[in-house]
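Enquirer: Build me a structure from this.
(chains A and B)
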2 protein chains.
Amino acid sequence: MPTYATRLNDRVQALGTPALVGLDPRWDQLPAELTQNRVSPSPEQAADGFRQFCTEIINIAAPLVPAVKPQVAFFEQLGPPGLQALHDVMGYARHQGLLVIADAKRGDIGSTAQGYADAWLDGDSRQAAFPADAVTVNPYLGDDTLRPFVETAVNRNAGIYVLVRTSNPGASTFQDRRTDGVAVFEAVADTVQQLNQNHRGSEQWGPVGAVVGATWPDELAALRCRMPNTPFLIPGYGSQGGKAADVAAAFGSSGSGALVNSSRAINFAWRRAEYRDRFTEENWREAVLDAVKQMINDLASLP
Amino acid sequence: MPTYATRLNDRVQALGTPALVGLDPRWDQLPAELTQNRVSPSPEQAADGFRQFCTEIINIAAPLVPAVKPQVAFFEQLGPPGLQALHDVMGYARHQGLLVIADAKRGDIGSTAQGYADAWLDGDSRQAAFPADAVTVNPYLGDDTLRPFVETAVNRNAGIYVLVRTSNPGASTFQDRRTDGVAVFEAVADTVQQLNQNHRGSEQWGPVGAVVGATWPDELAALRCRMPNTPFLIPGYGSQGGKAADVAAAFGSSGSGALVNSSRAINFAWRRAEYRDRFTEENWREAVLDAVKQMINDLASLP
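Expert: The predicted structure follows:
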């Protein structure tokens, strides 16, 4: 069976875009036809709304983009019914041919890290509780805590994306602290690249990706040089302010090696100021489709 | 309503111990009466086994210790049925009078961090999907990402424990990198202490705790000086090698200010080499009770 990097690259080449659509359901943003104007839904009602909303986004996205990225927090907020909805949404996305990257930002030590790896890294194994092709991982606990994730990813032809440089304003607090000129996020990057050197065999891209925010374009270019065999996942495009030119440096010479994510600007497109003249809440699906196509066009302008 | 720190301290004083019992169910370690010797249980069967096992541990621990710490990864590994079992176990523990610290090590940015805070920080609000009094949080993403957790904790009389110095061998990889002599984990500690200064009012202990591994006793003492108003959660005691003398420095002058956690050495006490002569698998409950009492006695020797 092909590795995660190969399956991802095949999808990116086939569809001709590195656009990644986030699934970020928020009750107070959903169209009224799904919420039925309920202000305080039960967890089961909210989970049903999330399931239906994400299913519709998936139906729109599946013919156009290689992958979706459900944000686990919004489902977890609803408790067990929300996590059942997440499970169902992930399965549905794969059934529609999409790769699924679970944005869970998990991390723990030893056998506990193995528990999270087992929970999320499905790949082609059909062994994980949540059917993801890849999962995001937090490196703070140390290099030994990445190992169970990497080994499980390799065994199951799945992938991980390690948080290297996040897109938020406060990312610099701890990530930018320098030792002999090397920032913490650069040390994490070096660890990630080394893991790929150990596990990529003769492939260009290894199983260990890096999350690098579009909101730091200079660092993005430097990090591409630092991690030449590392697939990037780039959040911060769209609502958070990143533009296509900001992410250009992330791509390898063949146009592969990075996914660019947009969540809110697609999920709730009909609420965007520039869309309000063209779309109403009743035709929110058309707004979502337009936003996906706009993102694909925008990214197609990359060299 | 009293703050988390006050409720915790009241329980610690009433029971006379800072012992924290972890709930770390692992299928291949459970007594055969719960697994019925199934090697490959369905997620529902495994979740039922975890629920029953943790309920029994809670029954043993509730009269003796102030709090329990369920490890979320082991439940998440089972998918939605596991998370339902976790939810039930947490509710049962609180019903038995225990405080519940969810060891979830969550962390994300902005509104996503708020999603995790809403999911886990119940406190006295009865608003969270998972009924925890406190949750563990990963600081890598930056100080701005801690804020939704802190504000929600304050509003709901709940608490958080920020990972400062973890107990694993590789903790030093990124946590120990120094800038002008200050390590990353010390910078995290300073942020935590500052948050407590902002939010503790006139109380000795603030809402923002710190996870500091028992496996680094020298740093534990230095971190106590660095965070004088910060409740500690100390993993690494017991199975990971930490002893009572190693954690003595974590306590304030009144004996308050820290919880010491043991998970495996209590959960699976009857499997410990030194217990095998005294207990069989059939009387695993007695072994668990003995291990809890032994830990309490050991910690009672602290000055």
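
Enquirer: ok, how many other residues are close to the closest residue to A:Ala171 other than its chain neighbours?
Expert: Here the nearest residue to A:Ala171 in space, its sequence neighbours aside, is B:Gly142; by CB to CB, 6 or more residues apart in numbering or on different chains that works out to 5.0 Å. C-beta here means a position set from N, CA and C on the backbone, and glycine is covered the same way. Using other CB atoms under 10 Å in any protein chain shown, B:Gly142 has 21 neighbouring residues.

Enquirer: check contacts around B:Gly142.
Expert: Counting by CB atoms under 8 Å, 6 or more residues apart in numbering or on different chains, B:Gly142 touches A:Thr166, A:Asn168, A:Pro169, A:Gly170, A:Ala171, A:Ser172, A:Thr173, A:Phe174, A:Gln175.

Enquirer: part of a strand, is A:Tyr161?
Expert: Yes: the assignment for A:Tyr161 is a strand, going by DSSP: H, G, I helix; E, B strand; the rest coil.

Enquirer: can you tell me how far the nearest residue to it once chain neighbours are set aside sits from A:Ala119?
Expert: For A:Tyr161, ignoring the flanking residues on the chain, the nearest one in space by CB to CB, 6+ apart is A:Gly209 at 3.8 Å. Here the distance between A:Gly209 and A:Ala119 works out to 18 Å (CB to CB, to the nearest Å).

Enquirer: more crowded one of those two?
Expert: More neighbours surround A:Gly209 than the other of A:Gly209 and A:Ala119, with 30 against 26 (other CB under 10 Å).

Enquirer: Mind giving me the PyMOL select for the contacts of B:Gly142, buried ones only?
Expert: The buried residues among the contacts of B:Gly142 can be selected in PyMOL (16 or more other CB atoms under 10 Å in any protein chain shown) with this line:
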select buried, chain A and resi 166+168+170+171+172+173+174+175
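
Enquirer: got the contacts of B:Gly142 as TSV, with pLDDT and secondary structure columns?
Expert: Listed next are the contacts of B:Gly142 as TSV, based on pLDDT from 0 to 100; DSSP: H, G, I helix; E, B strand; the rest coil:
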residue	pLDDT	secondary structure
A:Thr166	95	coil
A:Asn168	94	coil
A:Pro169	93	helix
A:Gly170	96	helix
A:Ala171	96	helix
A:Ser172	95	helix
A:Thr173	96	helix
A:Phe174	97	helix
A:Gln175	97	helix
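
Enquirer: what's the closest of the contacts of B:Gly142 to chain B?
Expert: Nearest to chain B, judged by CB to the nearest CB, of the contacts of B:Gly142 is A:Gly170 at 3.1 Å.

Enquirer: Surely the closest one touches B:Pro139?
Expert: No: A:Gly170 is beyond contact range of B:Pro139, at 10.1 Å (criterion: CB atoms under 8 Å).

Enquirer: Pull up the overlap in contacts between the two.
Expert: B:Thr145.

Enquirer: ok, of the contacts of B:Gly142, which one's closest to B:Gly49?
Expert: A:Thr166 (37.6 Å; CB to CB).

Enquirer: what's the helix or strand that the residue nearest to A:Tyr161 is a member of packed up against?
Expert: Secondary structure from DSSP states H and E places A:Gly209 in strand A:208-212. Helices and strands touching strand A:208-212, by 3 or more CB pairs under 8 Å, 6 or more residues apart in numbering or on different chains; DSSP states H and E, are helix A:143-156, strand A:159-165, helix A:184-199, helix A:217-226, strand A:232-234.

Enquirer: quick one: average pLDDT of it?
Expert: Strand A:208-212 shows a mean pLDDT of 98 in the predicted model.

Enquirer: Only C-alpha atoms, please: export it in CSV.
Expert: Presented in CSV, the C-alpha positions along strand A:208-212 are these (Å, rounded to 0.1, in the frame of the first residue of the first chain):
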residue,chain,number,x,y,z
VAL,A,208,6.1,13.5,9.5
GLY,A,209,4.6,16.8,8.4
ALA,A,210,4.9,20.3,9.9
VAL,A,211,2.3,22.8,10.8
VAL,A,212,3.6,26.2,9.8
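
Enquirer: what angle separates it from helix A:217-226?
Expert: 160 degrees (axes from the mean of the first three to the mean of the last three CA atoms, to 10 degrees).

Enquirer: Work out the gap between strand A:208-212 and the centre of the chain.
Expert: Distance of strand A:208-212 from its chain centroid, counting by CA atoms, centre = their mean, to the nearest Å, is 10 Å.

Enquirer: ok, now stretch A:48-61?
Expert: 17 Å.

Enquirer: Also stretch A:44-55?
Expert: Its chain's C-alpha centre and that of stretch A:44-55 lie 20 Å apart, by CA atoms, centre = their mean.

Enquirer: can you pull the buried residues of it?
Expert: Buried residues in stretch A:44-55 (16+ other CB under 10 Å): A:Gln45, A:Ala46, A:Ala47, A:Gly49, A:Phe50, A:Arg51, A:Gln52, A:Phe53, A:Cys54, A:Thr55.

Enquirer: Please enumerate the helices of chain A.
Expert: A:4-15, A:32-35, A:43-61, A:72-76, A:80-95, A:110-120, A:143-156, A:172-175, A:184-199, A:217-226, A:244-247, A:264-267, A:284-300 (DSSP state H).

Enquirer: For those helices, could you give me CSV that also reports distance to chain B?
Expert: As requested, the helices of chain A are exported to CSV (distance: least, CB to the nearest CB, whole Å):
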stretch, distance to chain B
helix A:4-15, 20
helix A:32-35, 17
helix A:43-61, 7
helix A:72-76, 4
helix A:80-95, 4
helix A:110-120, 4
helix A:143-156, 3
helix A:172-175, 4
helix A:184-199, 6
helix A:217-226, 14
helix A:244-247, 18
helix A:264-267, 9
helix A:284-300, 19
